[in-house]
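Novice: Let me see the structure of the following:
(chains A and B)
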Amino acid sequence: MPGELYIFNSLTRKKEKFEPYNPPFVGMYVCGPTVYSDIHLGNVRTFLSFDVVFRYLIYLGYKVRYVRNITDVGHLESDADEGEDKISKKAKLMNLEPMEVVQKYTNEFHNVLHKFNILPPNIEPSATGHIIEQIEWVKKLISEGLAYEVNGSVYFEVNKYNKKNHYGVLSGRVVEELMESGRELDRQEEKKEAIDFALWKKASEGHLMRWNSPWGIGFPGWHLECSVMSTKYLGDTFDIHGGGMDLKFPHHECEIAQSVSVTGKTPAKYWIHTNMLTVNGQKMSKSLGNSFLPEELFCGSHPLLDQPYSPMTVRFFMLQSHYSSTLDFSNEAMKAACKGYKKLINGLRIIREMQYENPDAENPENEQLVIQIQKIIDACHNAMNDNFNTALTIGHLFTLLKRINALHNGLLSFSEVGTETFDKLKETYIDFIVNVLGLKEEKPEDISQFLLPLIELYKDAKFNRQYEKVDKIRASLKASGIVLKDMKTGVDWAYEE
RNA sequence: GGUGCUGUGGCCGAGCGGCUAGGCGGAGGUCUGCAAAACCUUAUACAGCGGUUCGAAUCCGCUCAGCACCUCCA
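Specialist: Numbering: from 1, shown residues only, chains lettered A, B, ... in the order given. From the prediction side, this is the model:
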């Protein structure tokens, strides 16, 4: 039985015992992508990290409602609430309707996550689907006296909020310092203070995404959607809120300020922030030009890559580090991960088929061994319970794998392990790899690479009149849905109809 | 300038006061027609300098190197 789960809470900067508000239910909100372009591998890391959190909570028996949003409006291009909306800009560039851009990249996003075996969330709300709710929130914030309207835009007044609350609880920032040490902030004609942030922006003439509001035609600010949607689907208070490190400030800070202002409560109990994927020690990001797309990775087409890497290799690679550490991408590390992954997954194939067999009186149950295996099984749980330490878990799984392989090739007899321990070993290994870590077998799709040499064998056997062999090959292919066809022109194959 | 983080053997990467992490790679061995796989054994570490402690990779101080956030970013 797994013990207690501890989570590092960014809000308190401490590891805390996980006690959901309303067990067995758990509410988890994770900030999703802005769908204005393809997601890169760094983005994938974040969603992968939360996928494991989601999976492990389910594994522990919680009923999880996982909400991950799609940002399809309001995310501005340049600094300090100025500049164009990212989606809007892309739409102009591609000569598409903004919602076409949104759909295109949302589809792509789903596609990519699916390849990495990342489970879909239970609810995936979009910002544009919640304009009405967002307008309601802006109204509330104005009536609370914490927001003000200027020229058809509405801003959150951070200073005022900070009098009664602490703007900066999460990121450890102090408002006074923020105001002093800010960068050139001369462009903020509208705002009272540079640190104020937009709740609603007036749409200029050419702006493509526009909605009617009490303040005129406009669109919602970026931070608002998460406050609105998280509380709508998970309640004023919920258990886990997650996102990448780089969202901590200002995005999550603003979110807290908004939610506290409207509901009077800090929205989430546990905040989880995942760390960045780096390349040569630098954060992977589009602007630095060191990012690559999952698709480029799968076919090895990017200059930084010297070979293709499969989705599960990448998944394994990422799980070998802790979500809270930076992870550096390199070809060497990926190649090592590729081998490691295959080793682990070969073990999965073996143990799935393996049955306890042949009790053997000469080798009675080895008490030491049994204790050792039990200990490692417990260690797997303990590792995951300790703030989702997937790297350690994998380490333990490799130790279990040694026993599995030894059983497989007869270096260890089943009776030494005993039925009970064997069952537990099998269950743990499969459960952790498949359900918790979300790793799966990658069966080669291109069957032709097996087919051709097999067909050669078939021809040889036929030529030598080894019909037993011929029939065997035929049967085995048939089992895979392939039929061989003897024709005058040679041997061909077809999918069985 | 402010806030925070990191520095582990050839590479990646856990560990956060005493006990072999692990993977890849290296060396030796077992098995095998050969090979591969697998199994067993093994070497190579905690950026530097001080301090606390019976004991430090792990705590404290300083130094050096690097990163992230403070602007859009997962």
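Novice: From residue A:283, how far off is the closest residue to RNA strand B within the stretch 151-300 of chain A?
Specialist: Of all residues in the stretch 151-300 of chain A, residue A:244 sits closest to RNA strand B, at 1.7 Å by C-beta to the nearest atom of the strand. No exception for glycine: its C-beta is placed from N, CA and C like everyone else's. Note on residue A:244: its distance to residue A:283, by C-beta to C-beta, to the nearest Å, is 10 Å.
Novice: and those two? which has more neighbours close in?
Specialist: Using other C-beta atoms under 10 Å, the more surrounded residue of residue A:244 and residue A:283 is residue A:244, with 22 against 17.
Novice: Pull the contacting residues for the more buried one.
Specialist: A:31, A:46, A:273, A:274, A:276 (C-beta atoms under 8 Å, 6 or more residues apart in numbering).
Novice: Give me the contact list for the helix ranked longest in chain A.
Specialist: If you go by DSSP state H, chain A has its longest helix at helix A:331-353. Around helix A:331-353, the neighbours that count as contacts under C-beta under 8 Å, 6+ apart are A:304-307, A:309-310, A:312-317, A:320, A:394, A:397-398, A:401, A:404-405, A:408, A:425-426, A:429-430, A:433-434, A:439-442.
Novice: so how far does stretch A:91-100 reach from one end to the other?
Specialist: 8 Å (C-alpha to C-alpha, to the nearest Å).
Novice: Return the residues of the stretch 151-300 of chain A in contact with RNA strand B.
Specialist: Proximity of the stretch 151-300 of chain A to RNA strand B, by C-beta under 7 Å from any atom of the strand, involves residues A:171-173, A:177-178, A:181-183, A:194, A:222, A:243-251, A:274, A:276-278, A:281-287.
Novice: Among those, which ones are in strands?
Specialist: Among these, the ones falling in strands (DSSP state E) are A:243, A:244, A:274, A:277, A:278, A:282, A:283.
Novice: Just the buried residues out of the residues you listed, in PyMOL syntax.
Specialist: Buried residues among those (16 or more other C-beta atoms under 10 Å), as a PyMOL selection:
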select buried, chain A and resi 243+244+274+277+278+283
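Novice: and of the ones in strands among the residues of the stretch 151-300 of chain A next to RNA strand B, the nearest to residue A:461?
Specialist: The shortest gap between residue A:461 and any of these belongs to residue A:277, at 50.5 Å (C-beta to C-beta).
Novice: follow-up on the earlier one: list the buried residues for the longest helix of chain A?
Specialist: For helix A:331-353, a neighbour-count test (16+ other C-beta under 10 Å) marks A:334, A:337, A:338, A:340, A:341, A:342, A:344, A:345, A:347, A:348, A:350, A:351 as buried.
Novice: do it and RNA strand B meet?
Specialist: Yes: using C-beta under 7 Å from any atom of the strand, helix A:331-353 reaches RNA strand B at A:332, A:333, A:335, A:336, A:337, A:339, A:340, A:343, A:346.
Novice: Stretch A:89-102 now?
Specialist: No: applying C-beta under 7 Å from any atom of the strand, one finds stretch A:89-102 out of contact with RNA strand B, separated by at least 11.1 Å.
Novice: Mind listing what's buried along that stretch?
Specialist: Those would be A:89, A:90, A:91, A:98, A:99, A:101, A:102, for stretch A:89-102 by 16+ other C-beta under 10 Å.
Novice: Shouldn't the third one be within a strand?
Specialist: No: when classified by DSSP: H, G, I helix; E, B strand; the rest coil, residue A:91 is found to be helix rather than part of a strand.
Novice: Could you report the distance from it to RNA strand B?
Specialist: 16 Å (C-beta to the nearest atom of the strand, to the nearest Å).
Novice: and if you look at the second one?
Specialist: Relative to RNA strand B, residue A:90 is positioned 12 Å away (C-beta to the nearest atom of the strand).
Novice: re the thing from before, quick one: which of the residues of helix A:331-353 next to RNA strand B is nearest to RNA strand B?
Specialist: Set against RNA strand B, the nearest of those by C-beta to the nearest atom of the strand is residue A:340 (2.5 Å).
Novice: For the one helix or strand residue A:15 maps to, give me every contacting residue.
Specialist: Per DSSP states H and E, residue A:15 falls inside strand A:14-17. Strand A:14-17 has contacts (C-beta under 8 Å, 6+ apart) with A:4, A:5, A:6, A:7, A:8, A:9, A:270, A:386, A:387.
Novice: Please check these and keep the buried ones.
Specialist: A:5, A:7, A:8, A:9, A:270, A:386, A:387.
Novice: Just the ones of those in strands?
Specialist: Of the positions in those, A:7, A:8, A:9, A:270 sit in strands, assigned by DSSP E.
Novice: which two from these end up farthest apart in space?
Specialist: A:8 and A:270 (8.7 Å).
Novice: circling back: any residues in contact with both of residue A:244 and residue A:283?
Specialist: Counting by C-beta under 8 Å, 6+ apart, the residues touching both residue A:244 and residue A:283 are residue A:276.
Novice: which SS state does residue A:102 fall under?
Specialist: Residue A:102 - assigned by three-state DSSP - is helix.
Novice: With the one 5 residues further on instead?
Specialist: Reduced to three states with three-state DSSP, the structure at residue A:107 is helix.
Novice: What of residue A:47?
Specialist: helix.
Novice: Now do stretch A:65-84: distance from first to last residue.
Specialist: End-to-end distance of stretch A:65-84 (C-alpha to C-alpha): 34 Å.
Novice: Please apply the same query to stretch A:213-228.
Specialist: Start-to-end, stretch A:213-228 (C-alpha to C-alpha) is 16 Å.
Novice: In that stretch, which residues are buried?
Specialist: Quick answer for stretch A:213-228 (16+ other C-beta under 10 Å): A:213, A:215, A:218-228.
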